[in-house]
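Asks: Okay, predicted coordinates and the sequence, questions at the end:
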Amino acid sequence: MHIGLITPGFSANESDWCIPALLDFVHHPPHDITFSILTLRYPHTTTPYTVYGTPVTPLGFGTEAGLSRFFLYRQAMATLRALHAQKPFDLLHGFWADEAGFIATRAGEKLNIPALVSVMGGELVRFPSIRYGHGRSFFARRMIKHALTHADGVTGGSDSLVTAIKKQFQASAIPAWRVSLGVDIALFRPDGKAQSLKGDFKILHVASLAPIKNQALLIHAFAEFHQNYKKAHLHIVGDGELKESLKALVKELNIKKAVTFHGAVPHHEMPQYYRAVDICAITSYHESQSMVALEAAACGILTVGTAVGILPELIEAGLHISPPTPPQLGDYHALADIFARLAEDEIFSVNASSSARARIMTTYSLEQSAVVWANIYEALSPLSSDEKYVKTGTLSGGG
């Protein structure tokens with residue numbers, strides 16, 4: 001089966017971790033599946049290339065907005081027609097439900113082939129106070145609505161995301177599957193080199209330093225926890241617009257010596273950081289899935305924090321807190337209590353970590369996820385090359 005992937009960005013080469021989960025997805029495709037990729041904005045080139053033997057056609061539109069979106073749409077449609085003429089697609093798959101999903105569904109209608117749309121980020125949320133959510137733009141909302149009401153199938157990477165899709169588009173007779181982008185368990189595993197990091201009880205946070213990640217909640221929780229655990233240390237991996245303000249907050253709370261900002265770390269080096277710590281923490285207002293939680297669990301490290309994305313499916317209820325609504329800070333007292341519980345009860349922490357890793361091995365590895373993706377593609381493929389595809393099914397969880 002030949003599938004056209006449409007995405008806003010894709011790796012410029014095999015060493016470029018633009019969107020690591022998508023690079024892994026293409027590197028380890030489902031059985032008997034071949035891909036051709038149309039990437040809309042990144043990399044900044046229009047010269048076709050290949051990654052792991054997969055052809056990539058970049059349009060190179062970068063961050064252009066406004067009326068340029070019309071030219072992006074027009075060029076994407078023409079390119080997909082040309083690619084389809086060279087090697088016919090059996091299905092189109094748009095990653096993200098705004099531009100990519102809209103183009104996938106429109107091209108599917110024009111070419112008379114099915115289209116699958118994966119909700120991957122903030123398509124269904126609107127947080128104006130922190131400037132997050134594709135739905136903040138009227139034009140983006142129209143594209144998302146079209147994609148999720150005209151697709152032949154929709155996927156989400158967590159139970160909560162599929163529930164949100166059903167709630168917002170419950171009148172639609174479109175099948176919805178809960179399926180994750182898998183984690184590379186050959187790279188992310190418990191054994192191997194570990195970084196030498198400060199602290200007797202080490203907490204790791206991995207994320208861009210951006211408002212949606214709500215690191216202020218994490219820092220306040222750690223400051224309270226640190227009052228009784230003076231040898232604990234918080235390690236923050238990532239970079240972004242909030243770096244200086246977060247450093248100022250750390251100084252204000254008098255925990256500067258107990259917090260290290262490591263900056264951006266190459267993706268392939270991240271296992272060394274996961275292996276070096278006691279727990280991982282995420283404090284986002286919203287996650288569609290959270291690859292960090294999967295990567296940490298694959299390395300045998302428990303993730304705690306706000307109940308977003310896939311986290312509630314990996315850990316028990318007592319290890320996560322309700323995500324606040326921006327710009328609220330959130331219950332940092334409850335999160336500090338979780339840190340203390342894990343610091344005091346090593347046996348409980350190890351058992352919870354082992355349970356999360358077992359879930360990775362049985363459900364969330366690249367190999368396991370590839371099987372589910374193959375089943376979804378097969379469910380949406382036409383019965384034969386000369387038979388017209390007819391939309392069927394009901395909106396339901398699956399996979």
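Replies: Cool, the structure landed.
Asks: Quick check: end-to-end length of stretch 261-271?
Replies: 17 Å (CA to CA, to the nearest Å).
Asks: Give me the contacts around it.
Replies: Stretch 261-271 is contacted by residues 17, 20, 187-189, 192, 206, 235-239, 243, 246-247, 273, 295, 299 when judged by CB atoms under 8 Å, 6 or more residues apart in numbering. No exception for glycine: its C-beta is placed from N, CA and C like everyone else's.
Asks: Please apply the same query to stretch 15-25.
Replies: 7, 9-12, 14, 42-43, 51, 95, 181-184, 266-268, 291, 366, 373.
Asks: Buried among those residues? Make that a PyMOL selection.
Replies: Selection of buried members from those for PyMOL, criterion 16 or more other CB atoms under 10 Å:
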select buried, resi 7+9+10+11+12+42+43+51+95+181+182+183+184+267+291+366+373
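Asks: Does residue 372 touch residue 181 like I think?
Replies: No: with contact defined as CB atoms under 8 Å, residue 372 does not reach residue 181; the gap is 10.6 Å.
Asks: follow-up on the earlier one: mark which of the contacts of stretch 261-271 are buried, thanks.
Replies: For the contacts of stretch 261-271, buried by 16+ other CB under 10 Å: 20, 187-189, 206, 235-239, 243, 246-247, 273, 295, 299.
Asks: What about those residues, which are in helices?
Replies: 20, 243, 246-247, 273, 295 (DSSP state H).
Asks: Same list (the residues you listed) but as a markdown table, adding distance to residue 326.
Replies: As requested, those are arranged in a markdown table below (distance: CB to CB, whole Å):
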| residue | distance to residue 326 |
| --- | --- |
| 20 | 26 |
| 243 | 19 |
| 246 | 16 |
| 247 | 21 |
| 273 | 28 |
| 295 | 25 |
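Asks: and which of these is nearest residue 231?
Replies: Among these, residue 273 lies closest to residue 231 (CB to CB), at 19.0 Å.
Asks: how about the nearest residue to the closest one, chain neighbours excluded?
Replies: Leaving out its chain neighbours, the residue that sits closest to residue 273 by CB to CB, 6 or more residues apart in numbering is residue 195, at 5.4 Å.
Asks: do residue 140 as well
Replies: The nearest residue in space to residue 140 (CB to CB, 6+ apart) is residue 134, at 4.6 Å.
Asks: Neighbours of the one you found, how many?
Replies: 22 (other CB atoms under 10 Å).
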